[in-house]
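Enquirer: heads up, no residue letters with this:
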C-alpha cells in the first residue's frame with residue numbers, strides 16, 4: 001500500500017476536503033433554521049460594511065428594535081440614500097442601513113451623508129423600493145429642525161454638534177433631496193412637495209432616535225420656499241458668515257466651487273446684479289452675486305416667519321443657549337452639551353480618527369482676501385450681510401427670551417403694563433376648547449360697498465356710520481369692553497379697539513420731523529407703481545414665470561424724499577410710492593411700540609410665534625390689493641386714515657384668487673376699484689365689511705381674512721402677527737392654499 005489513492009492524491013487531503021464540504025453544508029443548512037444566525041452573539045450585529053474600513057474595527061452596532069412600517073417593509077435604521085428617476089411614473093428610493101453608531105462616536109470623521117454612505121452601503125446593503133409602496137409610514141419621526149446655509153459658514157459644525165447627541169438622527173447634505181428638487185425633470189411643484197414629504201417620512205424610519213434634523217446643501221437654498229411649503233411647521237435656521245471670508249474659502253479651489261456652478265445657466269437674480277452679462281464676470285464678481293442671491297432668498301423667507309438667521313460669529317453659544325431650546329424646542333442634557341462643545345472644538349471635516357483642534361480662521365481669511373474679492377463683497381453683499389446680522393440678532397434674542405427651563409415654563413406669565421387681566425392664560429388659548437364660534441359681524445354684498453364708494457375716491461362720503469361700519473368698537477381702558485374684545489379675539493372675530501395709551505403715545509411721537517430724523521438720510525427700499533395699485537408679488541415665482549410683468553418696482557430714496565413725493569401725489573392714474581419696513585431693519589420701531597414685541601399681552605396672542613413689527617407708509621390713494629395672510633393680526637393706524645374692506649375666509653372661492661404658484665398667489669386677480677360685475681359675479685355677492693381707521697385705532701384682523709386697503713391720507717400703520725388660528729384654515733385649504 002503506497003498510501004495514495006488511485007489518482008495519486010494523499011488521503012489526508014481527501015479527508016480534509018470532505019470535512020470542509022460537510023461543515024460548509026452544515027453551516028448553510030443551519031443558517032436557515034429559526035433562531036440561528038451568523039451574526040455575533042450577545043445581542044450585537046456588525047455593520048456589513050465595517051470590515052472594509054479599518055476605522056470601524058472594534059465598533060459594534062447594537063441590534064435595533066425592529067419596527068413594522070407596514071408600507072415598505074424595512075426594519076428600523078434603513079434610510080434613503082438616493083431617489084431613482086424622480087420624474088418618471090414609477091420613481092424609486094434606494095435605502096441603506098446606515099451605521100449611525102460610528103457617526104455619533106465621531107461626527108467629524110463622517111461629516112457628510114456621503115461619507116456615511118461610503119462607509120455603510122456596499123451593494124449588498126442596499127435595497128431599492130418603488131415610492132408607491134411608501135404610502136404611509138406610521139410612527140416615524142417628524143422633522144425637528146432644518147439647517148440651510150451659504151457653504152463654508154459653519155453649517156457642518158451645526159450638523160456635527162447635533163449628531164454628537166446619540167438621540168438625534170442627523171442627515172448632512174443627503175442626496176435624495178437634490179434628486180427631487182434638481183433632477184425631477186418636468187415635475188410640478190406639487191409633485192416635488194409630495195416627493196419631499198414621502199422621502200422625509202422615510203428618513204424618520206428609526207426606533208432609536210428621538211429627534212430628526214436635516215442639513216441641506218447650500219444649492220437647496222433657492223428651493224427654500226418649496227421645502228417650507230412641504231413642511232410649513234418645521235423650524236429652520238440659515239447659517240451665514242462674513243461674505244469676504246466665505247469667498248476666500250470658495251475661491252481657493254477649482255472652478256467647481258459651489259458659488260460658480262450656475263455659470264452655465266445663471267439665475268435671473270445673478271444676471272441682473274451683473275448687468276445682464278454674467279458670462280463676462282470674473283470669478284469674484286460672480287461669487288459675490290451668488291452669495292447675494294442666497295442671502296436675499298434667506299432674508300426674505302426669514303422675514304415671513306418660521307426661520308432664524310444665525311451668524312457664524314459666536315455660533316456654538318448661540319446654538320446651545322438660544323436656537324436649540326428656543327427655536328428647535330430641544331434642550332440637550334448636560335452630558336450632551338459637553339459632547340457638543342468637544343466636537344465643536346475640532347475641525348468639522350477632518351475625516352480623521354483623531355481630528356485636529358480647530359482655531360478661528362476669520363483673521364487669516366481676511367488677510368488672504370484679494371482686493372477684487374473685497375471690492376465685490378463690499379459692492380454686492382456687505383449691505384445685505386449687515387441687515388442679516390441685525391435681523392438675526394433680533395430673532396436670536398427673541399428665541400432666547402422664549403427659551404425657558406421646563407420648570408419655569410409652567411409658571412404664570414408676568415404681566416406687562418397692558419396685559420389684559422381677564423383674558424385666558426396663554427396655555428389655555430386652545431381653539432379646541434371652543435364648541436361653537438361666535439358669529440361674524442354683519443356682512444354686506446361686496447357690490448353694495450364698492451358701488452356706494454369707489455376705492456379710487458379718497459373723499460369720505462357723508463354716510464351715517466361710515467367710520468364704524470359693522471365692526472364692534474371698544475375702549476381699551478374700559479375693562480368690561482376689553483373683556484368683550486378679548487372674547488371676540490379668542491373666537492377669531494374682527495373688531496376695532498382704541499384709547500390704548502402706548503399706541504396713542506406713538507401717534508403723538510411719530511410726527512413728520514420725528515420720522516425723518518429716525519430714518520435719517522440713508523436710502524430706503526421704496527415700492528414705485530405706475531398708478532395707485534400695489535399688488536404684492538413673489539420674486540422667486542416671478543423669475544420662473546418670464547411672461548409675468550411686475551406692476552411695481554423698487555427704487556432707492558430717503559424717507560424725507562419719499563414724504564415729499566407722497567405729499568405731492570396726483571390722482572389714481574399717476575405714480576405712487578409705498579414704503580414698507582420692519583423692526584428687523586429699524587430697531588427703534590420695536591422700542592417705540594413695545595406692546596407689539598413678543599411678550600404676552602392683549603396684542604400678542606402667542607409670543608412663541610410672533611413675526612415682528614411690520615410698518616407701511618402710504619401716499620394718498622395708495623391701494624394694497626386684496627389678499628389674505630396667516631397669523632392673528634393687530635393693525636395700528638398711527639398717522640392718517642385708511643379704509644379697510646375685509647372678507648371672511650369662507651369667501652375665498654368668490655374673490656378670484658390667483659393660483660398658488662402664480663407670482664401674486666393669495667391675491668385677487670380682479671381690480672376692485674373698477675370692477676366688471678358681469679365678469680366677476682361671485683365677487684359682487686361676496687360677503688364683506690368695511691371700516692375706516694383713524695390714528696389711534698387698532699384693528700384686529702383674524703387669520704386668513706381677506707383685506708383690501710385704501711390709504712385716504714398720507715398715512716403710517718404698523719402691525720404684528722402671532723400664531724395662526726384654526727378657524728378659517730379649512731376654507732383656505734379648499735381654495736388650494
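Expert: Everything's here; your move. Only a predicted model underlies this, so the values are computations on that prediction, with no experimental measurement involved.

Enquirer: Just confirm residue 162 is within a strand.
Expert: No: counting by DSSP: H, G, I helix; E, B strand; the rest coil, residue 162 falls outside a strand, being helix.

Enquirer: residue contacts, it?
Expert: Residue 162 makes contact with 168, 170, 213, 340 under the criterion C-beta atoms under 8 Å, 6 or more residues apart in numbering. C-beta here means a position set from N, CA and C on the backbone, and glycine is covered the same way.

Enquirer: which of those residues tops the neighbour count?
Expert: Among these, residue 170 has the most neighbours (other C-beta atoms under 10 Å), with 27 neighbours.

Enquirer: What is the neighbour count of the closest residue to that residue other than its chain neighbours?
Expert: Leaving aside its chain neighbours, residue 170 sits nearest to residue 163 (4.1 Å; criterion: C-beta to C-beta, 6 or more residues apart in numbering). Each residue near residue 163 was counted by other C-beta under 10 Å, and the total is 28.

Enquirer: Equivalent analysis for residue 710, please.
Expert: Residue 710 is flanked by 26 other residues according to other C-beta under 10 Å.

Enquirer: Quick check: which element contains it?
Expert: Per DSSP states H and E, residue 710 falls inside strand 706-711.

Enquirer: name the helices or strands packed onto that strand?
Expert: If you count contacts as 3 or more C-beta pairs under 8 Å, 6 or more residues apart in numbering; DSSP states H and E, strand 706-711 packs onto strand 623-628, strand 642-647.

Enquirer: between those strands, which one is nearest to residue 549?
Expert: Proximity to residue 549 (C-beta to C-beta) singles out strand 623-628 among those, at 15.3 Å.

Enquirer: I'd like to know which elements that closest one is packed against.
Expert: strand 533-534, strand 706-711.

Enquirer: so how far is the following helix or strand past that strand from its chain's centroid?
Expert: As assigned by DSSP H and E, the chain's next helix or strand after strand 623-628 is strand 633-639. How far strand 633-639 lies from its chain's middle: 26 Å, per C-alpha atoms, centre = their mean, to the nearest Å.

Enquirer: Could you tell me the angle between strand 633-639 and strand 642-647?
Expert: Relative orientation of strand 633-639 versus strand 642-647 (axes from the mean of the first three to the mean of the last three C-alpha atoms, to 10 degrees): 160 degrees.

Enquirer: Pull out the buried positions in strand 633-639.
Expert: Buried positions in strand 633-639, judged by neighbour count with 16 or more other C-beta atoms under 10 Å: 633-639.

Enquirer: Need these in JSON lines (columns: distance to residue 256 and pLDDT).
Expert: What follows is those, written out as JSON lines (distance: C-beta to C-beta, whole Å; pLDDT from 0 to 100):
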{"residue": "633", "distance to residue 256": "46", "pLDDT": "94"}
{"residue": "634", "distance to residue 256": "50", "pLDDT": "97"}
{"residue": "635", "distance to residue 256": "50", "pLDDT": "98"}
{"residue": "636", "distance to residue 256": "52", "pLDDT": "98"}
{"residue": "637", "distance to residue 256": "54", "pLDDT": "97"}
{"residue": "638", "distance to residue 256": "52", "pLDDT": "97"}
{"residue": "639", "distance to residue 256": "54", "pLDDT": "96"}
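
Enquirer: of all those residues, which comes closest to residue 352?
Expert: Using C-beta to C-beta, the shortest approach to residue 352 within the buried residues of strand 633-639 belongs to residue 633, at 52.7 Å.

Enquirer: about what we covered before: just put the helices and strands packed on strand 623-628 in CSV and tack on distance to residue 266 and mean pLDDT.
Expert: Shown next, in CSV, are the helices and strands packed on strand 623-628 (distance: least, C-beta to C-beta, whole Å; pLDDT from 0 to 100):
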stretch, distance to residue 266, mean pLDDT
strand 533-534, 29, 92
strand 706-711, 37, 96
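
Enquirer: Quick one: closest of the ones you listed to residue 150.
Expert: For residue 150, the closest of those is strand 533-534, at 31.5 Å, according to C-beta to C-beta.

Enquirer: Now do that closest one: everything it contacts.
Expert: By C-beta under 8 Å, 6+ apart, the surrounding residues in contact with strand 533-534 are 527, 551-552, 576, 578, 622-625, 671, 673.

Enquirer: Are any of those buried, and if so which?
Expert: Neighbour-count burial (16+ other C-beta under 10 Å) is assigned, among these, to 527, 551-552, 576, 578, 622-625, 671, 673.

Enquirer: where in the stretch 551-700 of the chain is pLDDT low?
Expert: By pLDDT under 70, the stretch 551-700 of the chain has no low-scoring segment.

Enquirer: again, 80 this time
Expert: 600, 608 (pLDDT under 80).

Enquirer: Okay, helices next: where are they in it?
Expert: Along the stretch 551-700 of the chain, the segments classed as helices by DSSP state H, counting those that start in this stretch run 559-567, 588-592, 681-684.

Enquirer: TSV please, covering those helices and showing distance to residue 140 and mean neighbour count.
Expert: Formatted as TSV, these follow (distance: least, C-beta to C-beta, whole Å; neighbours: other C-beta atoms under 10 Å):
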stretch	distance to residue 140	mean neighbour count
helix 559-567	51	18
helix 588-592	40	16
helix 681-684	42	16
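
Enquirer: quick one: which of the ones you listed is nearest residue 196?
Expert: Closest approach to residue 196 among the helices of the stretch 551-700 of the chain is made by helix 681-684 (33.9 Å; C-beta to C-beta).

Enquirer: could you say what helices and strands the closest one packs with?
Expert: Packed next to helix 681-684, using 3+ C-beta pairs under 8 Å, 6+ apart, are helix 446-452.
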